[in-house]
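Enquirer: my questions concern the predicted model and sequence given below.
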Amino acid sequence: MGFFGKLFGKKEKESLDQGLEKTKEGFLGKITRAIAGKSTVDSEVLDNLEEALVGADVGIETTVALIERIEARVAKDKYISTTELNSILQNELQNILVDAPEDNNYSGFDLPSGKKPFVIMVVGVNGVGKTTTIGKLAHHFKAAGKSVMLGAADTFRAAAVDQLTIWSERTGVPIVKKEMGSDPASVAFDAVNSAVAKNADVLIIDTAGRLHTKTHLMEELTKIKRVVQKVIPDAPHDVLLVLDGSTGQNAIEQAKHFTAATDVSGLVITKLDGTAKGGVVLAIAHQFKIPVKFIGVGEKVEDLLVFNKTEFVDSLFSLSK
């Protein structure tokens, strides 16, 4: 099921376009200026395009890869107009974005068969919108007819448990929690056992968002995975890393630490509506070869969207009406 599956339609497409407004204004503006007054793609156009992509927070590594691919296309086709360049650039931007597995891409919030409860572990530092993302995910799964439970394993920050409890009440989804300072792995273990006992479809486990040293982070996340696997050997079925898109290159640094600490299988990029740095989505996906599964483009619960690279790139290049 595609981006416009049973839970997506015109309203969600409009939400995506509006949420990327700041990014595409800067992104398109830089690209337009890079090729202004040119009839063909030459070395000057490519230099200008490279500068524009870096300025749009696409990142050095990803920009170099894009320019190399475009140079190869230019060399092969001999003559390419600047009009054609836009189409080629859109195509190459889509190509660098990793596709999520067909059985685990959340289209329509369907779940793979044989994995019940489907366990999602959510990681990320404080302030990126991790708890809010979990609450929105719970809402969407419940709206899709799934029975959902939450596990409050971020026990080092009192506000985290309180916030998740509020989302639990708001969405009507049960939560497993303990007092502040409890062992996070113990909470995760109890949550998994409870989800199995209640035959839940989905269990979403929050984890601590402190700025750990890499060693402590690895130990904690590994312990949580280990206790979860005592109950469900192949869990967690998805490890989602939540990153704040408005932080640009800082999000890449966070991704480095978390991907080193645990097997991140999907990315959630939040707060794209408040930044012109949405190009960082391309940089993160390309550099870490991990699929973006959700993007946050607003505060409303409906503004957490299942990511589709074709629609994302299309929105980047679509001018406001």
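Expert: Here it is on my side, so go on.
Enquirer: ranges for the helices of the stretch 151-300 of the chain?
Expert: For the stretch 151-300 of the chain, the helices defined by DSSP state H, counting those that start in this stretch cover 158-171, 184-197, 214-231, 249-261, 280-288.
Enquirer: quick check, Leu304 in contact with Thr133.
Expert: Yes: using CB atoms under 8 Å, Leu304 is in contact with Thr133, at 6.5 Å. No exception for glycine: its C-beta is placed from N, CA and C like everyone else's.
Enquirer: joint contacts of those two?
Expert: Taking CB atoms under 8 Å, 6 or more residues apart in numbering as the criterion, Leu304 and Thr133 both touch Val268, Phe294, Gly296.
Enquirer: which ones are touching the last one?
Expert: It stands for Gly296. Per CB under 8 Å, 6+ apart, neighbours of Gly296: 19, 129, 132-133, 136, 245, 268-273, 303-305.
Enquirer: so it bridges to which residues?
Expert: Counting by DSSP bridges, Gly296 is bridged to Leu304.
Enquirer: could you check the pLDDT of it?
Expert: If you check Gly296, the pLDDT there is 92.
Enquirer: doesn't Glu311 make contact with Trp90?
Expert: You called it Trp, but residue 90 is Gln. No: counting by CB under 8 Å, Gln90 stays clear of Glu311, with 11.7 Å between them.
Enquirer: more neighbours: the two, which one.
Expert: More crowded of Gln90 and Glu311, by other CB atoms under 10 Å: Glu311, with 20 against 15.
Enquirer: so what does that one have for phi and psi?
Expert: Glu311 adopts backbone torsions of phi -70, psi -40, taken as degrees, to the nearest 10.
Enquirer: low pLDDT regions in the stretch 51-200 of the chain?
Expert: Judged against pLDDT under 70, the low-scoring parts of the stretch 51-200 of the chain cover residues 78-79.
Enquirer: phi, psi of the nearest residue to Gly248 once chain neighbours are set aside?
Expert: Counting by CB to CB, 6 or more residues apart in numbering, Gly248 lies nearest to Lys277, which is 4.3 Å off, once chain neighbours are set aside. Dihedral pair for Lys277: phi -100, psi 20, per degrees, to the nearest 10.
Enquirer: what segments of this protein are strands?
Expert: 118-123, 148-152, 175-176, 202-206, 238-244, 266-270, 292-296, 304-306 (DSSP state E).
Enquirer: would CSV of these with distance to Asp99 be doable?
Expert: Shown next, in CSV, are those (distance: least, CB to CB, whole Å):
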stretch, distance to Asp99
strand 118-123, 19
strand 148-152, 26
strand 175-176, 33
strand 202-206, 22
strand 238-244, 15
strand 266-270, 11
strand 292-296, 10
strand 304-306, 13
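Enquirer: any idea which of these is most buried?
Expert: Burial among the strands of the chain, expressed as mean neighbours by mean count of other CB atoms under 10 Å, is greatest for strand 202-206, which shows a mean of 29.
Enquirer: so that one versus helix 184-197, what angle?
Expert: Relative orientation of strand 202-206 versus helix 184-197 (axes from the mean of the first three to the mean of the last three CA atoms, to 10 degrees): 170 degrees.
Enquirer: partner strands of strand 202-206 and their direction?
Expert: Paired with strand 202-206 in the same sheet, following DSSP bridges, are strand 118-123 (parallel), strand 148-152 (parallel).
Enquirer: now the closest residue to Arg69 other than its chain neighbours: how far from Leu111?
Expert: Spatially, and ignoring its direct neighbours in sequence, Arg69 is nearest to Glu92 (5.0 Å; CB to CB, 6+ apart). Distance of Glu92 to Leu111, given as CB to CB, to the nearest Å: 33 Å.
Enquirer: re earlier: now tabulate the strands paired with strand 202-206 in TSV and tack on distance to Val264.
Expert: Converted to TSV, the strands paired with strand 202-206 look like this (distance: least, CB to CB, whole Å):
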stretch	distance to Val264
strand 118-123	7
strand 148-152	18
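Enquirer: looking at those strands, which is closest to Glu220?
Expert: strand 118-123 (9.9 Å; CB to CB).
Enquirer: can you name the residues that contact His237?
Expert: His237 neighbours (CB under 8 Å, 6+ apart): Asn104, Pro112, Lys115, Phe118, Val119, Ile120.
Enquirer: among these, which one sits closest to Ala144?
Expert: Once CB to CB is applied, the member of those that ends up nearest Ala144 is Phe118, at 12.1 Å.
Enquirer: that closest one: what's it in contact with?
Expert: Residues in contact with Phe118 (CB under 8 Å, 6+ apart) are Leu111, Pro112, Asp201, Val202, Leu203, His237, Asp238.
Enquirer: tell me the pLDDT at the spatially most central residue of the chain?
Expert: Note on the chain: the residue nearest the mean C-alpha position is Val268, at 2.0 Å, using CA atoms, centre = their mean. At Val268, the pLDDT value in this model is 96.
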